[in-house]
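> Need coordinates for the following:
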Amino acid sequence: MFSLIKLAVAAGLAALASAGAVAAVDHEPMRIARFEVKGFAPSAPWSGSGAVAKASDGHFWADADVNGQRVRFLVDTGATAVALTPADAQRLGFKPADLKYGHSVTTATGSTRAAQVTLTSVSVNGARLQDVKALVVAEGLDVSLLGMSYLGRLTRFEATRDTLRFEP
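Here you go, the predicted structure:
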C-alpha cells in the first residue's frame, strides 16, 4: 500500500513538473517542502531567509550587508570561498598594507594571490551568517563573489528559474 502512495505522489510531481512547476522535496521521505507553479504567487519565503531574483543577464546578483556595508556579489556556487575585490575589501575596512597574500588561487583569468579575512556578518535579504571566511583576491576579479564559504553554511539554498532562496 505504501509503495502505491509513493508511486501516486511521484506521478503527481511528474505531472506538475511537466506543467511548469518546481517542487523541492526535503531529505525526509515523501515530505513535500513547497510548490511554485508558473502563474501563481509563490508561498512566503522561509522565516529569516533571503531571496534574490535572476537578473536580465541570467545571473543571480546579491546585494548583501557585510560588516554593516553594502556589497554587490555575483552568486557563484563554483567559488570555494566568498571572494572580495580589493576595492570592496578596502570599503569594508581591510587595509591593503595589513593583508597577507599567502594563498594561491585560480580565477577565470588565471592564477593570483589572495589574503584570508573573516567577515563579522554577511546578510542577504535576512539570511544572516556570522564569522564568514573570505579571500581578498589581489587581481583578476571584476566583482566580488558570494561563494561556498557562505552558501555552504546555509541550511539550504534553492534555485528556481527566476529566484534563488537562502535559508540560514
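
> Is the closest residue in space to A55 that isn't next to it in sequence bridged to anything, and to what?
Nearest non-adjacent residue to A55, counting by Cβ to Cβ, 6 or more residues apart in numbering: W61, 5.2 Å away. From N, CA and C alone the C-beta is placed, and that goes for glycine too. Legend: beta-bridge partners of W61 under DSSP bridges are L74.

> Can you give me the distance of W61 to D76?
As judged by Cβ to Cβ, to the nearest Å, W61 and D76 stand 11 Å apart.

> Those two: who's more crowded?
Remark: of W61 and D76, D76 carries more neighbours, 19 against 16, as counted by other Cβ atoms under 10 Å.

> Below-threshold pLDDT in the chain: ranges please.
Residues of the chain meeting the criterion pLDDT under 70: 1-49.

> And the helices in the chain, which stretches?
2-18, 86-91, 148-151 (DSSP state H).

> Buried residues in the second one, which are they?
When neighbours are counted by 16 or more other Cβ atoms under 10 Å, the buried residues of helix 86-91 are found to be 86, 88-89.
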